[in-house]
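Undergrad: One predicted model, sequence on top.
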Amino acid sequence: MESSVKGIRALKISLVVLAVTSLLQLVVFLFSGSVALLADTIHNFSDALTAVPLWVAFVLSRRAATRTYTYGFGRVEDLAGLFIVAMVALSAVVAGVESVIRLFQPQPLSNLGWVLAAGLIGFAGNEIVAIYRIRVGKEIGSAALVADGVHARTDGFTSLAVVAGVIGVWLGFPLADPIIGILISVTIFVLLWGTARDIGRRLLDGVDPDLLERTEAAIAPVAPAASTVRLRWSGHRLNVEVTAPMDPARTVAELAALNRAVEDTVRASIRNVGTVLTIAR
């Protein structure tokens with residue numbers, strides 16, 4: 001519950017920061033007509049909205065397991081990650097279409113100094129959110145929150161691309177603005193692949209091999225030789241299952257002691273652990 005509270009707090013703060021950033025950029029777009037800035041503004045706004053499904057997921061993950069959902073509701077967080085991927089893809093399409101239209105129907109730009117300032121504002125807002133989301137996401141073990149933080153960081157660099165477009169217009173190349181807008185859209189799709197891969201891996205019960213090696217090393221001093229370890233994320237909680245070869249002559253008390261030793265060792269060595277189950281075979 002404490003980790004969910006931390007995640008919700010991070011989402012609230014990042015939502016406010018990105019919403020303010022997007023509104024400031026939108027105001028500048030209305031006065032300048034820069035489609036590169038519009039592409040960046042739309043993307044930043046969609047990134048702010050991705051906090052909403054994650055917020056809902058963190059709330060639902062705190063619910064107790066039921067007879068229908070016997071493992072609880074942790075996977076809602078990964079489903080929210082899929083929604084984030086869809087939102088980001090939609091923002092890339094909208095920004096790309098608008099940029100292509102402006103490429104064939106150029107329109108004069110004005111207030112370029114304000115456009116440049118808006119690009120820098122976009123970079124600063126996204127970087128603040130990225131640092132905060134990634135730090136909290138790693139702390140509580142939320143892949144969706146970390147991925148959203150990395151996404152915010154890449155958004156910051158697309159904001160710098162808006163600055164590059166302004167410089168291009170200043171140097172006498174007016175098509176630099178829609179071209180930068182198109183490049184931003186392409187960049188979003190490229191970076192989206194990594195996010196979709198991470199979320200998909202969670203949904204298929206995939207884990208980082210390094211995490212598995214750390215867990216195996218942690219239980220080695222207390223578990224019998226040839227024990228096997230399986231890990232599975234449920235939202236931002238890591239469920240651990242250890243299958244240990246046991247002598248049939250061992251007592252129930254000895255098995256219980258082994259289970260306690262394994263659980264204590266895992267929780268002391270690995271963060272964000274949910275359930276720890278030791279199975280004798």
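TA: Here it is on my side, so go on.

Undergrad: Please enumerate the strands of the stretch 151-281 of the chain.
TA: Listed in chain order, the strands of the stretch 151-281 of the chain (DSSP state E, counting those that start in this stretch) span 228-234, 237-244, 273-280.

Undergrad: Just name the most buried of those strands.
TA: Of the strands of the stretch 151-281 of the chain, the one with the most neighbours on average (mean count of other Cβ atoms under 10 Å) is strand 237-244, at a mean of 20. All C-beta spots, glycine's among them, are computed from the backbone N, C-alpha and C.

Undergrad: Report the inter-axis angle for it versus strand 228-234.
TA: Orientation of strand 237-244 against strand 228-234 (axes from the mean of the first three to the mean of the last three Cα atoms, to 10 degrees) gives an angle of 160 degrees.

Undergrad: Using PDB, write out the CA atom coordinates for stretch 195-215.
TA: Taking Å, rounded to 0.1, in the frame of the first residue of the first chain, the C-alpha atoms of stretch 195-215 are listed here in PDB:
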ATOM      1  CA  THR A 195       8.000   1.000 -24.100                       C
ATOM      2  CA  ALA A 196       5.700  -1.500 -25.800                       C
ATOM      3  CA  ARG A 197       8.400  -4.200 -25.500                       C
ATOM      4  CA  ASP A 198       8.800  -3.600 -21.800                       C
ATOM      5  CA  ILE A 199       5.100  -3.700 -21.100                       C
ATOM      6  CA  GLY A 200       4.600  -6.700 -23.200                       C
ATOM      7  CA  ARG A 201       7.400  -8.500 -21.400                       C
ATOM      8  CA  ARG A 202       5.600  -7.900 -18.100                       C
ATOM      9  CA  LEU A 203       2.300  -9.200 -19.400                       C
ATOM     10  CA  LEU A 204       4.100 -12.400 -20.500                       C
ATOM     11  CA  ASP A 205       5.700 -12.800 -17.000                       C
ATOM     12  CA  GLY A 206       9.100 -11.800 -18.300                       C
ATOM     13  CA  VAL A 207      11.800 -10.600 -15.900                       C
ATOM     14  CA  ASP A 208      15.300  -9.100 -16.100                       C
ATOM     15  CA  PRO A 209      17.700 -12.000 -16.100                       C
ATOM     16  CA  ASP A 210      20.000 -10.000 -13.800                       C
ATOM     17  CA  LEU A 211      17.100 -10.000 -11.200                       C
ATOM     18  CA  LEU A 212      16.800 -13.700 -11.400                       C
ATOM     19  CA  GLU A 213      20.600 -14.200 -10.900                       C
ATOM     20  CA  ARG A 214      20.500 -11.900  -7.800                       C
ATOM     21  CA  THR A 215      17.600 -13.900  -6.400                       C
END
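
Undergrad: the domain parsing of this protein - what is it?
TA: Following the assignment in automatic domain parsing, the chain carries domains at 2-203, 209-280.

Undergrad: Now the weakest link among those domains, please, by mean pLDDT.
TA: Ranked by mean pLDDT, the domains of the chain bottom out at domain 2-203, which scores a mean of 75.

Undergrad: ok, residue 268 - contacts?
TA: Contact analysis of residue 268 by Cβ atoms under 8 Å, 6 or more residues apart in numbering lists residue 218.

Undergrad: measure it to residue 237 for me?
TA: In this view, residue 268 and residue 237 are 17 Å apart by Cβ to Cβ, to the nearest Å.

Undergrad: same thing with residue 156?
TA: Distance from residue 156 to residue 237, by Cβ to Cβ: 30 Å.
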